[in-house]
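[1] turn this into a model:
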Amino acid sequence: MKIKKLAFLSTIFAILLPTLVVATVVISYTYPISVSTSNVNVYLATGENYATANEFGFMSISSISSSTTGTEIPNGATITINGASGSPGNTTLLNVLEIINNTGTSYTWNGGTLNLWINGTLPSGVTLYYSTSPITFGTPSGTSWISGTPVNLNSNIPITIPKGTTTIYLAFQINGGVTGKGVLYIQYSPT
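    As a prediction, the model looks like this:
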């Protein structure tokens, strides 16, 4: 009887022992993870005339320390725009901001164009203009004109940026005596 019990216990122990041993083995692997920032493909930056506008007090941007053209303006930065004090006419700030298109010239989606939306609000009497070439201003025959196209904020109509365009120039025209706050949002999508 002892032999039967011993054989029975030995058989159960022989069956369960590998299961217990396997169950107690823990396999551990280490997976290194690195985190880095990536360049934003399309972003708002200071334009070629920002430094001059800043120097004369017409424009300032929080959160940036450089007046170098092309300095990225971080999300949430406050952009302050001032008109000429006591001016009954308009103050025009040409090419003070740029939208940089870093998607390159070799993207291959349908047609290679980029749709860009500028949404938000500006105080009444402030107009934002854009152009794929530097914006100019003139007064031929006494009539003021700006070479850029007015941005229709919140229109759902995108600005179509052709393949290979790397800079979209922005200008502001401020009617005399305008005050108020606004906010701008930039969204983009390949077409």
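[2] look up how far residue 56 lies from the nearest residue in space to residue 145 that is not next to it in sequence.
    Nearest non-adjacent residue to residue 145, counting by Cβ to Cβ, 6 or more residues apart in numbering: residue 138, 5.7 Å away. Where C-beta positions appear, they are placed from N, C-alpha and C, glycine not excepted. Distance, residue 138 to residue 56, using Cβ to Cβ, to the nearest Å: 20 Å.
[3] pull the number of nearby residues for the residue nearest to residue 145.
    Here the number of neighbours of residue 138 (other Cβ atoms under 10 Å) works out to 10.
[4] phi, psi for it please.
    phi -150, psi 170 (degrees, to the nearest 10).
[5] begin at 49 from here
    All set: I'll call the first residue 49, so the last point we hit is now residue 186.
[6] so what's the residue nearest in space to the middle of the chain scoring on pLDDT?
    Geometric centre of the chain, nearest residue: residue 91, 3.8 Å, by Cα atoms, centre = their mean. pLDDT, residue 91: 85.
[7] repeat for residue 95
    92.
[8] how about the contacts made by it?
    Shown in contact with residue 95 (Cβ atoms under 8 Å, 6 or more residues apart in numbering): 117, 143, 144, 145, 146, 217, 218.
[9] quick one: the first one from residue 213, how far?
    Just to be clear, that refers to residue 117. 17 Å.
[10] wait, isn't residue 179 in contact with residue 199?
    No. Using Cβ atoms under 8 Å, residue 179 is not in contact with residue 199; the gap is 10.5 Å.
[11] circling back: secondary structure and pLDDT added to the contacts of residue 95, as CSV?
    Compiled in CSV, those are given as follows (DSSP: H, G, I helix; E, B strand; the rest coil; pLDDT from 0 to 100):
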residue, secondary structure, pLDDT
117, coil, 76
143, strand, 92
144, strand, 92
145, strand, 92
146, strand, 92
217, strand, 93
218, strand, 92
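[12] buried among those residues? Make that a ChimeraX selection.
    Applying 16 or more other Cβ atoms under 10 Å to the contacts of residue 95, the buried members can be selected in ChimeraX as follows:
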select :143,144,145,146,217,218
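[13] check contacts around residue 171.
    So residue 171 contacts 226, 227, 228, 229, 230 (Cβ under 8 Å, 6+ apart).
[14] out of those residues, grab the one that's most surrounded.
    residue 226 (16 neighbours).
[15] skipping its backbone neighbours, what lies nearest that one in space?
    Per Cβ to Cβ, 6+ apart, closest to residue 226 is residue 173, 3.8 Å.
[16] run through the strands of this structure in chain order.
    Using DSSP state E, the strands found in the chain span residues 90-94, 107-109, 127-129, 138-149, 162-169, 174-179, 185-186, 193-194, 197-198, 207-209, 215-223, 231-238.
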